[in-house]
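Undergrad: this is a predicted model, with the sequence first.
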Amino acid sequence: MMQVLTPLPKIVLSSVRDTTGSLSLVAAEKVLLASSLGDVRETLKQSIEATQEDGILLDMLVNLVDFCRKQPSITTEKTVAIAFLFLDIHKLTISTPYNNYDAVFEYFKKWIDCHNVHRPPWSEGLLSLADSEAILHYGLFTFFRHFNLHKYAYTTENSLTLNFTVEELPELPRAPTPPPEDSGTAN
């Protein structure tokens, strides 16, 4: 059985301008101020520079923003960190064509732990216990329930081409042929 190594989670420090293709604070504020989910989708599409093929990813992020809006204790900074988490686990999910569900879920739990307790430089107390519990339940019932969908839609197809070269076999010595038998007729 192949063992998949789980990377260690990174502490998310939100910046005003993010260059990683993730959601920045300024973009998150625009997203949270959008009046409808359609406006949220368009703002996200521009913020993370999504292409036409990223429809599933955009839907995931729109639902995530909707979830964060409904949670009274989740601020803009927390929304950015949570969006970074979900983008990160999405990237980890599609990093291999093999089943890495356990490794991704382990990373998800470690990330939440890393942002739940304030122990610099190893962890940052960004999330409260209630926030962590809500994010864990949300992740289980959305992303991890549709894990195979993300895997199927975004993992590139692998194909294996085998070429065989058969060397010419050496000729084996032939057994001597028996002399022809006489038919037994005498003249």
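TA: Received it, and whenever you're ready, just let me know what you need. Numbers count the residues shown, from 1 in each chain.
Undergrad: enumerate every residue touching residue 86.
TA: Contact partners of residue 86, counting by Cβ atoms under 8 Å, 6 or more residues apart in numbering, are 60, 61, 64, 139, 143. In short, each C-beta sits where N, CA and C put it, glycine included.
Undergrad: now with 10 Å?
TA: 22-23, 57, 60-61, 63-64, 108, 111, 135, 138-139, 142-143 (Cβ atoms under 10 Å, 6 or more residues apart in numbering).
Undergrad: list the buried ones in stretch 134-147?
TA: Across stretch 134-147, burial judged by 16 or more other Cβ atoms under 10 Å covers 134, 135, 138, 139, 143, 144, 147.
Undergrad: ok, the residue nearest to the spatial centre of the chain to residue 68 distance?
TA: For the chain, residue 93 is the residue whose C-alpha lies nearest the centre (Cα atoms, centre = their mean; 1.8 Å). In this view, residue 93 and residue 68 are 21 Å apart by Cβ to Cβ, to the nearest Å.
Undergrad: which strands or helices does the worst-scoring helix or strand of the chain on mean pLDDT pack on?
TA: Sorting the helices and strands of the chain by mean pLDDT, DSSP states H and E puts helix 25-33 at the bottom, at a mean of 73. The contact analysis (3 or more Cβ pairs under 10 Å, 6 or more residues apart in numbering; DSSP states H and E) places helix 25-33 against helix 37-47, helix 55-70, helix 76-93.
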